[in-house]
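Undergrad: With the input below, show me the fold.
(one chain, ligands or ions: 1)
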Amino acid sequence: MALPPGPRTPALVTTYHWIRRPQPFLTECRDTFGPAFTIRLPNLPPVAIFANPDDVKDIFTGDSDTMLAGRFNLSLRAFLGDHSVLMLDGREHLRQRRLLLPPFHGERMTAYGRIMIDAAHDAIDRFPFRSPFAVHGYMQEITLHVILRAVFGLEEGPRLDALAEAVTNLLEIAVWPPLLLPAMQRDLGPWSPWGRFLHYKRQTHGMLLDQIRRRRAEQATRPEGLEGDDVLTLLLQARDEEGQPLTDEELRDELMTLLVAGHETTATGLAWALHWILTTPGIEARLRRELADGHFTPERIARLELLDAVVRETLRLQPVLPFVGRILDKPVRVGGWDLPAGVGAVCSIYLAHKRPEVYTEPDRFNPDRFLGTKFSPYEFFPFGGGIRRCIGMAFALHEMKMVLATVLARTILRPAHDRAIRAVRRNITLTPSDGCSVVLKRRAPRSTAAHAA
Ligand code: HEM
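TA: You can find the predicted model right below:
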């Protein structure tokens, strides 16, 4: 049994690098130790990190009863709940995943496209003129409203506003990276970070259960089934192989998971996309030409090739989540290493996406590399892989295209400065250090990007 080599710095020093400078740290490890290396963090099992496609394939296609993603994600349990699909392994995971998948099927995206465009319009109307502003915050508002409307089926109004506020408060605290460490998850009163987190979590849970119970009551009065295209409606009607529905607690934790997994991630992807669009010569003009060459409808936007390539190249160059991992329940051979039971096996999305063998000039934003080329799921995997691949992948890609198209159709934005920006950690996501700071030069009325053909 052996682990790949890795830094021997004290665990606290490694923690500092892991949290404060995650990308340079990974690059230094790769340059020093090669394509597979091991890092050690306090109170956690060692994790062996891989980026070569063959090794990534071993991990994604390995036996899911041995390679446990739920156990790897354990540090998120306090945020998402015991019943969250992200926490589960084996049969339980498959049951929940099967129930969750149908509402996120690619074909359903047209139904959500208009909600996404409307949410983008609302945010664009509030972009300030003259002073620089961080676009990331507006993207978070958009993606939160989209989840509350498309997933929860809420209409604009006081109920949606109250839940949006509770979730925003909750996530503002939850994204503080040290809270991921078990030692920080201690309630030291209402002013301590964890105490405040628990307060907002109780508040959010109460609202989620209220929404579930109201919809169940509605369901009871309609034997013909609930109306509505939203994900919650479909989940309330979903039955497992034994004909059982999801319980209230399961639904609550899944809604919380969809909120947390689907909102910050997509907003961050959007902020990075705008950063690259505004700072890479020629791209914005080409996108505008592609967009202007036809009607502004969700169906057409979804098919625009350059826009699609821009979204994929964004997620390649700057993956929102830098890695995915599994804890080994038994010894497993990965990349020629006989890894012992109990350790983590991690696929570094960041390092895999920077391999010069696959991507020429890997540090350059070049969406053309995606035009006419399909990379393998072990070379390009911003949404993870195997039976754990992101459930919201089609939803996130669709949303990024709808929002970017609406922003481009209605505004002229310019970068607020020319300083270099870094990727900084917010909980488990990597966001632009300046929040993608821009200046609004021009804003056209909504009718410029009218829905109808
Ligand atoms: C750009 C946006 C997004 C990115 C980069 C992203 C990325 C990921 C990644 C890397 C995983 C882990 C996969 C693995 O372990 O192999 C994941 C899982 C998951 N994501 Fe996403 N995600 C995004 C948006 C969304 C959205 C919009 C939703 C739903 C509304 C969502 C729901 C989920 C769920 C439920 C899982 C757990 C799947 C499972 O364990 O079986 N994600 N996502």
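Undergrad: element containing the residue of the stretch 151-300 of the chain found nearest the ligand?
TA: Residue of the stretch 151-300 of the chain nearest the ligand, by C-beta to the nearest ligand atom: Gly262 (2.7 Å). Any C-beta I mention is one placed from the backbone N, CA and C, and that applies to glycine too. For Gly262, the host element (DSSP states H and E) is helix 248-279.
Undergrad: circling back: which residue, neighbours along the chain excluded, lies closest to the residue of the stretch 151-300 of the chain closest to the ligand?
TA: In space, and not counting its chain neighbours, Gly262 is closest to Gly392: 4.9 Å by C-beta to C-beta, 6 or more residues apart in numbering.
Undergrad: Isn't the one you found up against Leu259?
TA: No - Gly392 is beyond contact range of Leu259, at 11.0 Å (criterion: C-beta atoms under 8 Å).
Undergrad: rewinding a little: can you give me the neighbour number for the residue of the stretch 151-300 of the chain closest to the ligand?
TA: 24 (other C-beta atoms under 10 Å).
Undergrad: That one contacts His145, correct?
TA: No - with contact defined as C-beta under 8 Å, Gly262 does not reach His145; the gap is 12.0 Å.
Undergrad: Report the set of residues contacting both of these two.
TA: Contact criterion C-beta atoms under 8 Å, 6 or more residues apart in numbering; residues shared by Gly262 and His145: none found.
Undergrad: circling back to that earlier point, and for the residue nearest to Gly262, the neighbour number?
TA: 23.
Undergrad: what sits up against the helix or strand following the helix holding Gly262?
TA: Using DSSP H and E, the helix or strand that follows helix 248-279 in sequence is helix 283-292. Helix 283-292 has contacts (C-beta under 8 Å, 6+ apart) with 276-278, 301, 304-307, 310, 365, 367, 404-405, 408-409.
Undergrad: for the following helix or strand past helix 283-292, packing partners?
TA: In the C-terminal direction, the helix or strand that comes right after helix 283-292 (DSSP H and E) is helix 298-303. Packing partners of helix 298-303 (3 or more C-beta pairs under 8 Å, 6 or more residues apart in numbering; DSSP states H and E): helix 109-125, helix 393-410.
Undergrad: what's in contact with helix 298-303?
TA: By C-beta under 8 Å, 6+ apart, helix 298-303 touches 109-110, 113-114, 116-117, 291, 294, 307, 398, 401-402, 405, 451.
Undergrad: and if we set it to 6 Å?
TA: Contact partners of helix 298-303, identified using C-beta atoms under 6 Å, 6 or more residues apart in numbering, comprise 113, 294, 401, 405.
Undergrad: average pLDDT across that helix?
TA: Confidence over helix 298-303 (mean pLDDT, whole number) is 95.
Undergrad: what angle separates the helix or strand immediately after that helix in the chain from helix 283-292?
TA: Per DSSP H and E, the first helix or strand lying C-terminal to helix 298-303 is helix 305-317. Put simply, helix 305-317 runs at 140 degrees to helix 283-292, going by axes from the mean of the first three to the mean of the last three C-alpha atoms, to 10 degrees.
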